[in-house]
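Undergrad: following is a predicted model, sequence given first.
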Amino acid sequence: MWILFLFISGVLSAPKDEYRSIINEAEITFNDDVFIKHIVPSGYSPQKIKEYSSIDITDFVDKDNKNYQLLNDYMSKGFTMKGITFNIYDDNQRKATIALFNMLQEIKKHDVTFVMDWMQSNINKHMYEYVLRLLALYGNQNVEKLLPPFIYKPHYFVNSETIAKAYRVKLNKGHINKQEADVYQIYKNNDHITYINTNYSSWNMPLDICDIEVNYFREDIALNSYYYGVHLAHPFWMSNEELDQINSRHAEHYHYKHQQLLARYLLEKEHLDTRNTSLNHQCVGDYYPFLSYENGLAFPSRSHFRNISNEYKVALISIDIALKEFISRRLIIMDNGTLIKITDDNYISLLSKLIRANLDGIKTAKMIRNVYGYGTYNYPMNQYNPAPSVLHHPETSLRDPVYWNIIESALKYFRDFTNTIEPFDISTYEMNELSITHNDFSVIATYFDYYQFNINKALYPLDSPSELSTVIAARQMRLNYMPFTLNFTVLSAIQQSVAVRLFLGPRCYYTTCFHNYYKFFELDSYIVKMEEGANILSWCPQTSSKFSFDDYYNLETIKEKENKFDIFKFPGNLVIPKGSEEGLNMTLFIIITQVNDSISNSFLYNKYNNQTSLEIDDKPLGFPFHRIAKNYVHNANNYRFYNISIYHKKRTINASGHFSPHLY
């Protein structure tokens, strides 16, 4: 057990058929025409299950199966009902979800389809979706690929005023008064698509540099979908021991994904005018999500933290004190009295597990979301809430600036420890057999691109498929970049595989760059075969296997596209931070190191690792920016720092669109 001893308790003009096949690609449909007694579950007879499904689940599951019995108990009490707000941090819903997931893992492959039919009729659709994503990642069954979260549940990604306008379009069967349409910014592409211009939250409030001007990043539909994937790969309700069996480096992955998220966020804030606002300014003012649930309730706003003091805050402060004490003593005291030494070699894994258990364990995860999700006005932690905060859903957590502060606070434990250890010697990784001699970089420029995505799932949960021939889409402006290529000429005296790593960081001189090691974002890491003589290394994001691209679901364009969306990969449109018109100064870093072919060939992954793995060899994730380095030189053969500029191309305002002024 990793719980600290002090802790209490353990597009388109194509023909209709072709169009529909594109829109419904990999879609799992739901029949929501079932009973909902009232908004807060109380109870109903489990015998009623048969009334809403022709399939009897006991035909596929033994009645004595403990997971079936547990699930049946939670179903009889109403915790899996359709219509209730799904919240994985609610104890009863989480236990029901885990029981359902465990039961499905025991289902025979040829029975999965029948069991899914039963689930569609009897299980809360968001609980069902959560379990299916887990099953696709961890299970042995072949689960059909799901739609991206932003299409599957638009309420969690689209402002409530857009959803309200979409309902107006639906009720009027697409016929809107011309003047109203102009005011509401409702337009038609063709007979198939009606789109609604959609701003980000706080668009109608005075601009605040720290809070609003980077909300396009925090609220990006792909970034929040990705963080949902991070949650699924490291569920807070799974123990470190369970995840160790799945991936021996899961703790390092957990740490690195969050470290990279923060590094990328800090880079995004580089373009802001910092004369009046520090980049480290803690954005903890009042927060208004601008989202609403399907039941009509708004996501709660978070008030400013004014002298919060309660038992949960005291418990979190106690955990913070204990963590700092263990780090300073380099010693972890387990709840059973076992002593574990923290060393220079094991600190990433040990601290990751320690922090995950004590800040993202079941009880503390709930505490943090209760304390920071609502601000001054807490909600009873163990009471069912039909409108939880944005922090209670992994796919909405990143929208609130306070969550980034929570991530930064957790990562500071690692930085505090690395400040106490000797910097690692990067000279031991220098190679005389390789020499980076030339470089040729394209101009790197960002811009805001138009993106339309289908929000019919928010409007047609009960309707027949024929009504889906007309798509209502939300149209946003999202950060993107012009195609570019980074070329490096490398002279090699050897013929063997090498590891190439590329990073982007804030402007620095080589003698100071490693002091800001935690601010460097990894663009890519991959293996390449070197030939003797001159080698040209060319890199561009589109050819990388590290990123997810969602242009397949963009209805703004009609060209044929390949589906490259992956919830477990970082969004491809956010690879490069927003630049500036005059050019934002940043630092590009490349390092090429030898790899042991027998080691690199051993990195063959199962289904889980293929989707979530980050390592290419046995070096620490983020090497060489995993900690402070020493003995680095300006003219090393196999690594280089480059000063680059990132430009931002402002668009002319589209004739059919009005967006927040900072989105151009």
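TA: Cool, the structure landed.

Undergrad: could you pull out the helices for the stretch 301-450 of the chain?
TA: Counting by DSSP state H, counting those that start in this stretch, residue ranges of the helices within the stretch 301-450 of the chain are 311-329, 347-359, 362-374, 401-418.

Undergrad: and the contacts of the second one?
TA: Right, helix 347-359. 1-4, 7, 234, 236, 239-240, 249, 251-252, 254-255, 319, 322-323, 326-327, 332, 340, 342, 364-365, 368, 410, 413-414, 417-418, 421, 620, 626 (C-beta atoms under 8 Å, 6 or more residues apart in numbering). The C-beta positions use only the backbone N, C-alpha and C, and glycine is treated the same way.

Undergrad: list only buried entries from these.
TA: 2-4, 7, 234, 236, 239-240, 249, 251-252, 254-255, 319, 322-323, 326-327, 332, 340, 342, 364-365, 368, 410, 413-414, 417-418, 620, 626 (16 or more other C-beta atoms under 10 Å).

Undergrad: how about the strands of the stretch 401-550 of the chain, start to end?
TA: Along the stretch 401-550 of the chain, counting by DSSP state E, counting those that start in this stretch, strands occupy 424-425, 434-441, 444-454, 471-481, 486-492, 497-506, 521-529, 533-539, 547-548.

Undergrad: hmm, who's touching the second one?
TA: Spelled out, it's strand 434-441. With contact meaning C-beta under 8 Å, 6+ apart, strand 434-441 is reached by 484-494, 498, 530, 588, 590, 592, 637-640, 642, 644.

Undergrad: how about a cut-off of 7 Å?
TA: 486-492, 590, 592, 637-638, 640, 642, 644 (C-beta atoms under 7 Å, 6 or more residues apart in numbering).

Undergrad: which two in these are spaced the farthest apart?
TA: Using C-beta to C-beta, the contacts of strand 434-441 span at most 24.5 Å, a distance reached by 492 and 644.

Undergrad: ok, residue 149 touching residue 228?
TA: Yes - counting by C-beta atoms under 7 Å, residue 228 is a contact partner of residue 149 at 5.4 Å.

Undergrad: any common contacting residues for these two?
TA: By C-beta under 7 Å, 6+ apart, residue 149 and residue 228 have these common neighbours: residue 395.

Undergrad: out of the helices of the stretch 301-450 of the chain, nearest to residue 132?
TA: Nearest to residue 132, of all those, is helix 362-374, at 22.2 Å by C-beta to C-beta.

Undergrad: helices or strands up against the closest one?
TA: Secondary-structure packing of helix 362-374 (3 or more C-beta pairs under 7 Å, 6 or more residues apart in numbering; DSSP states H and E): helix 311-329, helix 401-418.

Undergrad: got the contact list for that helix?
TA: 9, 89, 236-237, 300, 302, 308, 312-313, 315-316, 319, 358-359, 378-379, 381, 389, 391-392, 402, 406.

Undergrad: could you tell me the angle between it and helix 347-359?
TA: 70 degrees (axes from the mean of the first three to the mean of the last three C-alpha atoms, to 10 degrees).

Undergrad: helix 362-374: how far from the chain's middle?
TA: With C-alpha atoms, centre = their mean, to the nearest Å as the basis, helix 362-374 stands 19 Å off its chain's centre.

Undergrad: for stretch 103-113, same thing?
TA: The chain centroid and the centroid of stretch 103-113 are separated by 28 Å under C-alpha atoms, centre = their mean.

Undergrad: could you check the pLDDT of residue 25?
TA: Predicted confidence (pLDDT) for residue 25: 41.

Undergrad: err, residue 516, not the other one
TA: At residue 516, pLDDT is 93.

Undergrad: surely it is in contact with residue 508?
TA: Yes - the criterion here is C-beta under 7 Å, and residue 516 meets it with residue 508 at 6.1 Å.

Undergrad: part of a helix, is residue 203?
TA: No - read with DSSP: H, G, I helix; E, B strand; the rest coil, residue 203 is coil and lies in no helix.

Undergrad: for the remainder of this discussion, apply numbering that starts at 862.
TA: Taking 862 as the first residue, the last one we looked at is residue 1064.

Undergrad: nearest residue to it other than its sequence neighbours?
TA: Spatially, and ignoring its direct neighbours in sequence, residue 1064 is nearest to residue 1521 (4.6 Å; C-beta to C-beta, 6 or more residues apart in numbering).

Undergrad: for the one you found, give me its contacts.
TA: Counted by C-beta under 7 Å, 6+ apart, residue 1521 has contacts 1060-1061, 1064.

Undergrad: quick one: the strands of the stretch 1262-1411 of the chain as CSV, columns for mean pLDDT and distance to residue 1026 too.
TA: Below are those laid out as CSV (pLDDT from 0 to 100; distance: least, C-beta to C-beta, whole Å):
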stretch, mean pLDDT, distance to residue 1026
strand 1285-1286, 94, 55
strand 1295-1302, 96, 43
strand 1305-1315, 96, 14
strand 1332-1342, 96, 9
strand 1347-1353, 97, 42
strand 1358-1367, 97, 38
strand 1382-1390, 96, 36
strand 1394-1400, 97, 42
strand 1408-1409, 96, 29
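
Undergrad: quick one: find the helix or strand in the chain with the lowest mean pLDDT.
TA: Every helix and strand of the chain was ranked by mean pLDDT, DSSP states H and E. The lowest is helix 877-884, at a mean of 40.

Undergrad: poorly predicted segments of the stretch 1112-1261 of the chain, please.
TA: 1134-1145, 1167-1170 (pLDDT under 70).

Undergrad: figure out how far the helix or strand just after the least confident helix or strand of the chain is from the centre of its chain.
TA: Heading C-terminal from helix 877-884, the first helix or strand you meet, by DSSP states H and E, is helix 927-937. How far helix 927-937 lies from its chain's middle: 31 Å, per C-alpha atoms, centre = their mean.

Undergrad: with just CA atoms, put helix 927-937 into PDB.
TA: Provided in PDB are the C-alpha atoms of helix 927-937 (Å, rounded to 0.1, in the frame of the first residue of the first chain):
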ATOM      1  CA  LYS A 927     -19.600 -11.800  -7.700                       C
ATOM      2  CA  ASN A 928     -19.300  -8.900 -10.200                       C
ATOM      3  CA  TYR A 929     -22.800  -9.600 -11.500                       C
ATOM      4  CA  GLN A 930     -24.200  -9.700  -8.000                       C
ATOM      5  CA  LEU A 931     -22.500  -6.400  -7.100                       C
ATOM      6  CA  LEU A 932     -23.700  -4.700 -10.300                       C
ATOM      7  CA  ASN A 933     -27.200  -6.000  -9.800                       C
ATOM      8  CA  ASP A 934     -27.200  -4.600  -6.300                       C
ATOM      9  CA  TYR A 935     -26.200  -1.100  -7.600                       C
ATOM     10  CA  MET A 936     -28.700  -1.400 -10.400                       C
ATOM     11  CA  SER A 937     -31.500  -2.200  -8.000                       C
END
